[in-house]
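Participant: need a structure here:
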Amino acid sequence: MSVKTPIKKGTAVQKNYQTSKSRAHRGRTTPKKSKPDPASQAREAAFGLPDAVTVTLAELAGELQEGLLALAVGAGLQVLGAVMETEVTGLAGPKGKWNPDRVAVRHGDDSGEVTLGGRRVPIRRPRVRSADGTKEMQLESYELFSSTELLGRMAMERMLAKLSTRRYSAGLEPVGRAVEEVARSTSKSAVSRRFVAATEQALEELLATDLSALDIVCLMVDGVHFAGHCCVVALGIDTEGVKHPLALEEGDTENATLVKSLLVALRERGLDVTRPILCVLDGAKALSTAVKAVFDHPVIQRCQAHKLRNVKDKLPDAVASVVEREMRAAYRNPDPLQAQAALEELARKLDRTHPGAAASLREGLAETLTINRLKVPPTLARCYRRDFLTTAGV
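Facilitator: Alright, predicted model coming up:
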């Protein structure tokens with residue numbers, strides 16, 4: 001036996017106690033309607049949501065045993081069928097009644113698929129043709145729910161969260177055994193294709209973004225290595241401290257030609273290169289050369305993390321920990337002259353036992369203290385130290 005419960009738009013389920021007998025003498029027999037939400041009305045107007053939907057609870061008995069989410073999914077699929085039927089009625093008129101003003105006629109149904117919880121789920125969809133029978137008419141409600149754009153976004157989100165393609169289905173929400181048995185597009189190959197397509201689209205959008213509206217005060221440029229490939233990445237920070245991925249360029253090494261090509265592309269997309277800008281770079285000379293060739297007034301801050309790593313790589317472990325501690329203490333000193341003097345003294349000590357480390361420390365030493373020379377207020381020192389003293393953000 002089927003139990004049918006009408007669901008009103010804007011409320012969960014209509015209940016008898018919502019109509020009070022005490023209101024009968026005042027002429028009201030239904031509850032007062034809540035004020036409509038303009039955003040919801042705009043979405044509903046796209047394909048005309050029905051005023052009431054009947055959900056057959058008896059057909060959802062199996063889903064009820066699997067939990068609330070599975071029940072909601074089963075009810076949602078019934079609601080989708082009702083929404084599509086309402087749109088068909090709007091085009092072709094009520095079923096079995098002659099309507100001389102109709103613009104379409106019913107044409108049976110066909111198999112289709114909708115996106116649900118990171119899967120493609122098969123459904124039966126109604127078909128309509130134009131009244132003169134010349135063309136098939138698309139249902140806006142079906143087009144909306146059958147879009148695969150959401151699948152690509154979900155695949156990219158899960159891959160970036162380090163969920164492998166083999167484990168993709170394990171990261172999806174449970175939607176009930178009946179739906180999961182017929183769902184598809186969760187195999188590792190399907191997920192991989194969607195991830196590649198989504199990242200390609202995201203990269204195209206990134207490289208085409210207009211930069212003229214951004215107030216960039218800091219530019220970070222660094223090379224990131226992936227499976228034998230080097231990608232030079234540019235990251236900008238605006239006056240509000242918000243980070244903006246700007247561009248990337250693929251190559252074998254961080255050579256001057258590659259970096260200059262990336263920076264020239266930023267200029268062509270609207271980035272202002274005429275005013276002073278803080279450029280945080282690692283020790284690669286190619287980066288510094290390219291920045292000075294494109295920007296009119298670059299203020300270069302050498303990455304302190306790279307400097308620490310380069311010096312430590314030339315020292316035995318026992319000595320490296322001591323040198324690292326002294327270098328970090330010097331970099332935290334707000335007085336740039338004292339900080340530079342401490343680092344130069346450390347380099348003199350290393351001259352006797354580890355000349356290679358001493359030379360690495362002296363190379364570009366002054367540029368590692370650029371932020372200290374800018375007299376950053378103490379209240380902002382922590383933020384600047386985190387964001388502007390290293391290219392780790394890239």
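Participant: mind showing which ranges of the chain have poor pLDDT?
Facilitator: Along the chain, the parts satisfying pLDDT under 70 run over 1-67, 69, 376-394.
Participant: Run through the neighbouring helices and strands of the longest helix along it.
Facilitator: With secondary structure taken from DSSP state H, the chain has its longest helix at helix 68-92. On a contact count with 3 or more Cβ pairs under 8 Å, 6 or more residues apart in numbering; DSSP states H and E, helix 68-92 meets strand 52-56, helix 61-65, strand 104-116, strand 119-130, helix 140-145, helix 177-182. In this view, the C-beta of every residue, glycine as well, is placed from N, C-alpha and C.
Participant: Could you export these as JSON lines, including mean neighbour count and distance to residue 359?
Facilitator: Shown next, in JSON lines, are the helices and strands packed on helix 68-92 (neighbours: other Cβ atoms under 10 Å; distance: least, Cβ to Cβ, whole Å):
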{"stretch": "strand 52-56", "mean neighbour count": "15", "distance to residue 359": "76"}
{"stretch": "helix 61-65", "mean neighbour count": "14", "distance to residue 359": "71"}
{"stretch": "strand 104-116", "mean neighbour count": "16", "distance to residue 359": "59"}
{"stretch": "strand 119-130", "mean neighbour count": "18", "distance to residue 359": "59"}
{"stretch": "helix 140-145", "mean neighbour count": "18", "distance to residue 359": "64"}
{"stretch": "helix 177-182", "mean neighbour count": "14", "distance to residue 359": "63"}
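Participant: Dump these to TSV, plus distance to residue 164.
Facilitator: Output for these, formatted as TSV (distance: least, Cβ to Cβ, whole Å):
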stretch	distance to residue 164
strand 52-56	38
helix 61-65	29
strand 104-116	21
strand 119-130	17
helix 140-145	28
helix 177-182	19
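Participant: Residue 85 is nearest to which of these?
Facilitator: Taking Cβ to Cβ, strand 119-130 is the member of those nearest to residue 85, at 6.5 Å.
Participant: How about stretch 152-159, which residues are buried there?
Facilitator: Under the neighbour-count criterion of 16 or more other Cβ atoms under 10 Å, stretch 152-159 has 152, 154-156, 158-159 buried.
Participant: Tell me where the chain has strands.
Facilitator: Here the chain has its strands, by DSSP state E, at 4-8, 52-56, 104-116, 119-130, 136-137, 216-226, 229-238, 243-251, 277-281, 298-302.
Participant: now these in a markdown table, with distance to residue 346?
Facilitator: Below are the strands of the chain laid out as a markdown table (distance: least, Cβ to Cβ, whole Å):
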| stretch | distance to residue 346 |
| --- | --- |
| strand 4-8 | 74 |
| strand 52-56 | 74 |
| strand 104-116 | 60 |
| strand 119-130 | 59 |
| strand 136-137 | 77 |
| strand 216-226 | 25 |
| strand 229-238 | 30 |
| strand 243-251 | 32 |
| strand 277-281 | 22 |
| strand 298-302 | 16 |
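Participant: quick one, which of those strands is nearest to residue 335?
Facilitator: Across the strands of the chain, the minimum distance to residue 335, taken as Cβ to Cβ, is reached by strand 298-302, at 17.0 Å.
Participant: Check the offset of the closest one from the chain's centre.
Facilitator: A distance of 30 Å separates the centroid of the chain from that of strand 298-302, by Cα atoms, centre = their mean, to the nearest Å.
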